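Engineer: sequence and predicted structure, then a few things I'm wondering about:
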Amino acid sequence: MMRVLQSLDRAIGLFCKYGSIALLLVLFFLLGLSIILRLVPLFTISGYDEVVEFLFIWLIVLTTVALWREGVLYRVTLFETMLPLRGQVVLAVVTNLAMLGLALILVYYGWLFAVSAGETAPFLRINKVYWHAALPVGGVLMSIYSVVWLWRVIWQRETLDQNNNLIG
C-alpha cells in the first residue's frame, strides 16, 4: 500500500511540476504570438482570452500544489532555524493547521463557485466549470498534503526540512 501511495505522490509531483512548466511555455508562446500579430496582422487568434484564462488558472493551481506538496509554500526558515526542535514542531503544526483550513475553504467555496457559475465560454462554447474546477481539485490535493504533513509532524516529530516528499 505504501508503495502505491509513493508512486501516486511521485506522479502528482511530476504532473504538477511539468504541467506548470508546459502551461507557462504555452502562455509565453501565446503572448509572443499576440505581440507579433499586433505588429504584423496576418491573422487573428479567436478565443485568445478564454484560452489564456484557462491556462492561467490551472498554472496557478498546479504550481501552488507543487509547492504545497514540498512543504515550502508557507514557510519562513529563518524563524524555524532559531527555534529548538520542539518549537519547530509547534510552528509546523500551527502552520499546517492554518494551511489545512485554507485548503478546506478553497475546496468548499471553489466547489460552490464551480457548480453555480453556469457560465459558458463565448467563443469555445465550453462550460467554464473546467476553468473553475481547478479550485476544488487543487484544494483537495492541498488538503491531503496538509493532513499527511500534520500526521508526520505530530506522530513522527519530523519538521518539513527532513524529507520534502509526501510519504517518507
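Structural biologist: Received the coordinates, thanks. Computed from a predicted model, the values in this text were never measured in an experiment.
Engineer: could you use CA atoms for every contact and neighbour count after this?
Structural biologist: Will do.
Engineer: can you give me how far the single longest helix found in the chain is from the chain middle?
Structural biologist: Using DSSP state H to define each element, the chain has its longest helix at helix 2-39. Centroid separation between helix 2-39 and its chain, computed with C-alpha atoms, centre = their mean, to the nearest Å, is 12 Å.
Engineer: which SSE is immediately downstream of it?
Structural biologist: Downstream of helix 2-39, the first helix or strand assigned by DSSP states H and E is helix 48-70.
Engineer: what comes up buried for that next one?
Structural biologist: 50-51, 54-70 (16 or more other C-alpha atoms under 10 Å).
Engineer: check stretch 92-107 too.
Structural biologist: In stretch 92-107, counting by 16+ other C-alpha under 10 Å, buried: Ala92, Val93, Thr95, Asn96, Leu97, Met99, Leu100, Ala103, Leu104, Ile105, Leu106, Val107.
Engineer: by mean pLDDT, point me to the weakest helix or strand of the chain.
Structural biologist: In the chain, the helix or strand scored least confidently by mean pLDDT, DSSP states H and E is helix 77-82, which has a mean of 80.
Engineer: and it, what's buried?
Structural biologist: Applying 16+ other C-alpha under 10 Å to helix 77-82 flags Glu80 as buried.
Engineer: name the residues that touch that helix?
Structural biologist: Outside helix 77-82, the residues that touch it by C-alpha atoms under 8 Å, 6 or more residues apart in numbering are Gly87, Gln88, Leu91.
Engineer: can I get those residues in CSV including pLDDT and neighbour count?
Structural biologist: Formatted as CSV, the contacts of helix 77-82 follow (pLDDT from 0 to 100; neighbours: other C-alpha atoms under 10 Å):
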residue, pLDDT, neighbour count
Gly87, 86, 14
Gln88, 83, 21
Leu91, 85, 18
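Engineer: just those residues now: which is nearest Ser116?
Structural biologist: Leu91 (37.2 Å; C-alpha to C-alpha).
Engineer: please report how far the closest one lies from Ser143.
Structural biologist: 18 Å (C-alpha to C-alpha, to the nearest Å).
Engineer: one more: Glu119?
Structural biologist: In terms of C-alpha to C-alpha, Glu119 sits 27 Å off from Ser143.
Engineer: compare these two (neighbour count), which wins?
Structural biologist: Neighbours were counted for Glu119 and for Ser143 using other C-alpha atoms under 10 Å; Ser143 has more, 26 against 14.
Engineer: can you read off the pLDDT for Thr159?
Structural biologist: Thr159 carries a pLDDT value of 55.
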